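Asks: only geometry, no sequence info:
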């Protein structure tokens with residue numbers, strides 16, 4: 001197949017999926033790619049992978065040979081039976097979930113596949129967009145009213161799309177970063193697969209640029225910093241996106257870029273790579289695709305994403321794309337002669353050119369761009385332009401965030417002392433909270449994650465918090481772990497939030513969580529005997545087969561770790577007095 005180019009005109013889509021308004025391509029290219037990218041531009045459900053095409057061709061050749069060896073009527077009957085069997089299998093409720101439910105998500109620390117009906121957990125609201133293979137709608141969690149973006153993918157005659165979707169979900173499960181759209185839950189019935197994700201209420205980047213014509217250098221710096229962080233993190237995680245474009249960059253809110261947050265979505269063409277081994281497949285959108293993907297489709301690297309960053313950067317400043325067709329990508333040159341570039345600094349132009357470099361080995365990387373003088377200069381005084389109010393609904397940054405103190409490190413230690421089920425539940429609750437409530441922890445994490453590995457070294461965190469660590473080394477701190485450990489317990493551990501977390505573990509929908517599911521790894525993955533014992537200890541001696549909501553909420557709210565730490569601290573201060581420990585457990589909800 002040819003280049004995987006997005007060319008169909010679709011209505012703008014907000015939320016977790018966005019439409020596309022890219023220039024028209026030649027008819028033959030368009031025809032080859034309609035099935036691949038037409039699906040919402042959120043998740044191209046049929047990635048044009050060369051190896052997939054080869055497998056398909058081999059399969060067709062084998063069928064042709066079989067047909068030659070049998071009478072035509074028997075061949076037709078065999079083909080018909082094979083198709084019918086595939087359709088019957090696909091209509092099973094667990095056709096998709098049974099192949100993807102063994103992987104715990106990096107962010108939530110739990111199994112997000114839910115075999116129950118989605119209607120028991122979500123109320124579907126406004127449709128955000130539609131494509132050839134499905135739709136994206138706003139889904140409201142019935143337990144607490146939190147909104148998600150829910151993508152529906154039809155199963156009928158869509159086997160290849162489901163295979164691609166499985167690969168995409170596996171990649172999303174392994175990623176955890178503030179500038180990536182996070183996957184939160186998966187459902188399935190006989191007709192479709194449903195993917196719940198964090199909802200972005202702003203427009204996609206292309207639509208925003210169309211509305212404002214162009215961005216100032218300062219505004220572009222904020223946008224590109226978020227994009228650079230996302231891409232650098234993906235590359236450090238050995239994942240190449242391969243379809244970076246404005247339609248796949250979502251704005252969290254309707255606020256201006258300097259008060260907003262960009263989140264990268266659409267991992268349908270993404271792939272895991274090994275250092276030193278080339279990527280394969282002519283994939284991407286023609287306006288943003290790197291030239292080496294066109295000329296050496298069997299041998300290129302993740303640097304193809306860096307080229308796409310440069311195209312997006314160019315588009316932000318002047319309001320139009322530099323290349324429209326393959327020949328432009330292969331032979332064209334960047335032009336800075338347009339009037340929109342008249343007042344743009346030379347340093348900015350040079351930075352854009354550093355990304356749109358035809359020699360992939362000389363091309364600037366997203367990680368290196370984060371320390372570029374131009375970027376640092378334009379984002380350094382961000383605190384002067386943002387509101388101080390805690391009630392601000394815009395995506396503010398450090399200006400509205402208090403300085404981190406010693407409690408960050410202490411809370412991480414307390415969090416890691418909880419049993420594994422409680423940790424997973426707190427992670428789920430953290431994913432439901434409005435991002436504006438955790439600005440301080442989020443910016444704290446991003447400022448310390450200078451290498452974009454998605455983790456903050458424990459020693460660096462302790463140093464930033466002026467906390468004296470114990471001699472025993474702790475593991476690095478991930479993003480969602482930090483949010484889960486530090487969010488406001490009074491708000492986060494309300495009954496509604498706890499019930500929503502409980503329901504995510506209630507796989508049968510009968511308001512009872514089975515201990516057997518927990519023991520056999522169907523809720524938070526496989527537990528060691530020690531971890532399981534700690535969970536059972538915290539649940540109480542009366543638990544036999546199931547855990548009801550009241551017991552679950554008590555487990556979340558009672559903080560025995562806080563009690564132990566306070567007792568240890570008080571004992572040290574009083575010289576080991578026997579009456580140092582508090583007489584009763586402290587509630588996390590009362591912090």
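Replies: Right, received. Where do you want to start? Predicted, not measured: the structure shown is a model, and the values here were computed from it.
Asks: mind listing the helices for the stretch 201-350 of the chain?
Replies: For the stretch 201-350 of the chain, applying DSSP state H, counting those that start in this stretch gives helices covering 205-212, 217-236, 291-295, 303-318, 326-331, 346-355.
Asks: so the fourth one versus helix 346-355, what angle?
Replies: The one in question is helix 303-318. 150 degrees (axes from the mean of the first three to the mean of the last three C-alpha atoms, to 10 degrees).
Asks: run the chain-centre distance for helix 303-318.
Replies: 21 Å (C-alpha atoms, centre = their mean, to the nearest Å).
Asks: show me what that helix is packed up against.
Replies: helix 205-212, helix 217-236, helix 291-295, helix 346-355, helix 366-369 (3 or more C-beta pairs under 8 Å, 6 or more residues apart in numbering; DSSP states H and E). All C-beta atoms are positioned from the backbone trio N, CA, C, and that covers glycine.
Asks: how about the third one?
Replies: In terms of contact count using 3+ C-beta pairs under 8 Å, 6+ apart, helix 291-295 is assigned the packing partners helix 303-318, helix 326-331.
Asks: got a markdown table for the ones you listed, with mean pLDDT and mean neighbour count too?
Replies: Compiled in a markdown table, the helices and strands packed on helix 291-295 are given as follows (pLDDT from 0 to 100; neighbours: other C-beta atoms under 10 Å):
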| stretch | mean pLDDT | mean neighbour count |
| --- | --- | --- |
| helix 303-318 | 98 | 25 |
| helix 326-331 | 96 | 15 |
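Asks: next SSE downstream of the helix or strand in which residue 170 is found?
Replies: Assigned by DSSP states H and E, residue 170 belongs to helix 159-174. For helix 159-174, the following helix or strand on the C-terminal side (DSSP H and E) is strand 183-188.
Asks: quick one: list the elements packing against that following strand.
Replies: By 3+ C-beta pairs under 8 Å, 6+ apart, strand 183-188 packs against strand 113-114, helix 159-174, strand 192-198.
Asks: looking at these, which is nearest to residue 493?
Replies: Distance to residue 493, taken as C-beta to C-beta, is lowest for strand 192-198 among those, at 20.5 Å.
Asks: returning to that earlier point: buried ones in the helix holding residue 170?
Replies: Within helix 159-174, the residues scored as buried using 16 or more other C-beta atoms under 10 Å are 161, 162, 163, 164, 165, 167, 168, 169, 171, 172, 173, 174.
Asks: pipe the helices and strands packed on strand 183-188 into JSON lines and attach distance to residue 242 and mean pLDDT per row.
Replies: Below are the helices and strands packed on strand 183-188 laid out as JSON lines (distance: least, C-beta to C-beta, whole Å; pLDDT from 0 to 100):
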{"stretch": "strand 113-114", "distance to residue 242": "26", "mean pLDDT": "93"}
{"stretch": "helix 159-174", "distance to residue 242": "11", "mean pLDDT": "88"}
{"stretch": "strand 192-198", "distance to residue 242": "19", "mean pLDDT": "95"}
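Asks: looking at the ones you listed, which is nearest to residue 506?
Replies: Per C-beta to C-beta, nearest to residue 506 of the helices and strands packed on strand 183-188: strand 113-114, 8.7 Å.
Asks: contacts for that closest one?
Replies: Residues outside strand 113-114 that contact it (C-beta atoms under 8 Å, 6 or more residues apart in numbering): 97, 100, 101, 121, 185, 186, 187, 188, 504, 507.
Asks: now residue 123, what are its backbone angles?
Replies: phi -110, psi 120 (degrees, to the nearest 10).
Asks: how about it, what does it touch?
Replies: Residues near residue 123 by C-beta under 8 Å, 6+ apart: 139, 140, 142.
Asks: which PyMOL command selects the buried ones in these?
Replies: With 16+ other C-beta under 10 Å as the criterion, this PyMOL line picks the buried residues out of those:
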select buried, resi 139+140
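Asks: keep only those of the contacts of residue 123 that are in strands.
Replies: 139, 140 (DSSP state E).
Asks: save the contacts of residue 123 as TSV, and put in distance to residue 93 and pLDDT too.
Replies: Listed next are those as TSV, based on distance: C-beta to C-beta, whole Å; pLDDT from 0 to 100:
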residue	distance to residue 93	pLDDT
139	19	97
140	23	97
142	21	95
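Asks: the contacts of residue 123 into CSV, with extra columns for distance to residue 559?
Replies: Converted to CSV, these look like this (distance: C-beta to C-beta, whole Å):
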residue, distance to residue 559
139, 32
140, 30
142, 28
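Asks: for the contacts of residue 123, which one is nearest residue 370?
Replies: Nearest to residue 370 among those, with distances taken as C-beta to C-beta, is residue 139, at 34.4 Å.
Asks: report the beta-bridge partners for the residue lying closest to the closest one once chain neighbours are set aside.
Replies: Spatially, and ignoring its direct neighbours in sequence, residue 139 is nearest to residue 150 (3.6 Å; C-beta to C-beta, 6 or more residues apart in numbering). Under DSSP bridges, the beta-bridge partners of residue 150 are residue 137, residue 196.
Asks: relative to residue 531, how far out is residue 150?
Replies: According to C-beta to C-beta, to the nearest Å, residue 150 and residue 531 sit 32 Å apart.
Asks: okay, the two: which has more neighbours?
Replies: For residue 150 and residue 531, the more surrounded residue by other C-beta atoms under 10 Å is residue 150, and the numbers stand at 26 against 14.
Asks: buried residues, whatever helix or strand residue 504 lives in. List them.
Replies: Using DSSP H and E, residue 504 maps to helix 495-505. For helix 495-505, burial by neighbour count (16+ other C-beta under 10 Å) applies to 497, 498, 499, 500, 501, 502, 503, 504, 505.
Asks: could you report the distance from residue 434 to residue 263?
Replies: Residue 434 sits at a distance of 14 Å from residue 263 (criterion: C-beta to C-beta).
Asks: so which of those two has more stuff around it?
Replies: residue 263 (25 against 10).
Asks: from the buried residues of helix 495-505, which is closest to residue 443?
Replies: Among those, and counting by C-beta to C-beta, the member closest to residue 443 is residue 497, at 23.1 Å.
Asks: tell me the contacts of the closest one?
Replies: Here residue 497 is in contact with 144, 429, 432, 433, 491 (C-beta under 8 Å, 6+ apart).
Asks: write the PyMOL selection for whichever of those residues are buried.
Replies: Filtering those down to the buried ones (16+ other C-beta under 10 Å) takes a single PyMOL command:
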select buried, resi 144+429+432+433
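Asks: just the closest of the contacts of residue 497 to residue 552, please.
Replies: Nearest to residue 552 among these, with distances taken as C-beta to C-beta, is residue 429, at 12.0 Å.
Asks: next SSE after the helix or strand containing the closest one?
Replies: If you go by DSSP H and E, residue 429 is part of helix 420-432. Per DSSP H and E, the first helix or strand lying C-terminal to helix 420-432 is helix 439-448.
Asks: between helix 217-236 and that next one, find me the angle.
Replies: Put simply, helix 439-448 runs at 70 degrees to helix 217-236, going by the same axes, to 10 degrees.
Asks: on that earlier part again, the helix holding residue 170: how far from the chain's middle?
Replies: 13 Å.
Asks: list the buried residues of stretch 439-456.
Replies: 439-446, 448-449, 452, 454-456.
Asks: can you list the weak-confidence ranges in the stretch 101-250 of the chain?
Replies: 101, 131-132 (pLDDT under 70).
Asks: could the helices and strands packed on strand 183-188 be laid out in JSON lines, adding distance to residue 221?
Replies: Formatted as JSON lines, the helices and strands packed on strand 183-188 follow (distance: least, C-beta to C-beta, whole Å):
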{"stretch": "strand 113-114", "distance to residue 221": "40"}
{"stretch": "helix 159-174", "distance to residue 221": "28"}
{"stretch": "strand 192-198", "distance to residue 221": "24"}
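Asks: between those, which one is closest to residue 135.
Replies: From the helices and strands packed on strand 183-188, taking C-beta to C-beta, the stretch that ends up closest is strand 192-198, at 9.3 Å.
Asks: how far does stretch 475-490 stretch from start to finish?
Replies: Chord length of stretch 475-490, first to last residue, is 27 Å (C-alpha to C-alpha, to the nearest Å).
Asks: what sits up against it?
Replies: 106-108, 176-178, 407-408, 411-412, 414-415, 423, 426-427, 429-431, 433, 437-438, 441-442, 444-445, 449, 453-458, 461, 588-591.
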